[in-house]
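**Student:** prediction below, plus the sequence it came from.
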Amino acid sequence: LYFISLLSLAIFVAFQHRNVTLKLGLMLFPIIAIFVLLMFGLSVQFMNLKYIVPYSALSVGSVWKTFSESAVCLFSALIPSLILGNTAKKRHFAIAFAIASGIVIVCFLNTALIFGAELSSTLEYPYSQAVSTASFGHIFSRMDGFLYAVCFFTSFLKTGVCLLCTVELIKKALGLIFFQKNQLSSLNFYKDY
């Protein structure tokens, strides 16, 4: 049910105008940012700064294992950003990218400051487990509700944007194919004369 509802909403958004998706992103981003910052703020009491300082030499393998899932997600988000951001002003694109990168760094810090890099590399989903271990009184005994909202909104938006980019790339490819066909047929027409 979750997957079908998310996919149907994403397909609906993908076939809307590009501005609808951008406005939806502008509406959802503050909500997501507030939830991530709230989860970070409520997790501060469980964090330890000694986890940030490596006690042994870092290897590429351990760093990659710790953040590989997030790196793949970030790379897959970069491609639609480049497709949709090609008409945006460079300054606006850079500011939006910097703010989004800051939110992602907060998520990395949340995991690293609670578990450390060594333990994080052994966990299957380190960020969700870091958020689940942090608690705040009786109301926020676990912050999974915020995490589920962030996951739903980001998954929905990312799926919609990826489908929108796919639709736009297919339209451009078909336009190029038909344009080349028309040019070839007009060249053949002039050759006959």
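**Tutor:** Happy to help now that I have it.

**Student:** quick one: least confident helix or strand in this structure?
**Tutor:** In the chain, no helix or strand scores lower on mean pLDDT, DSSP states H and E than helix 60-84, which sits at a mean of 70.

**Student:** which SSE is immediately downstream of that one?
**Tutor:** The helix or strand immediately downstream of helix 60-84 is helix 90-120, counting by DSSP states H and E.

**Student:** and that next one, how far out from the chain's middle?
**Tutor:** 11 Å (C-alpha atoms, centre = their mean, to the nearest Å).

**Student:** in it, what counts as buried?
**Tutor:** Of the residues in helix 90-120, 93, 96, 100, 103, 107, 109-117, 119-120 count as buried by neighbour count, 16 or more other C-beta atoms under 10 Å. For every residue, glycine as well, the C-beta is placed using N, CA and C.

**Student:** of the residues you listed, which is the nearest to Phe46?
**Tutor:** Nearest to Phe46 among those, counting by C-beta to C-beta, is Ile114 at 5.4 Å.

**Student:** now that closest one: how far from Ile105?
**Tutor:** Ile114 sits at a distance of 15 Å from Ile105 (criterion: C-beta to C-beta, to the nearest Å).

**Student:** could you report the neighbour count for Ala130?
**Tutor:** 27 (other C-beta atoms under 10 Å).

**Student:** correct me, but it touches Ser43?
**Tutor:** Yes - using C-beta atoms under 8 Å, Ala130 and Ser43 qualify as a contacting pair, with a distance of 6.8 Å.

**Student:** no further queries at this time; thank you.
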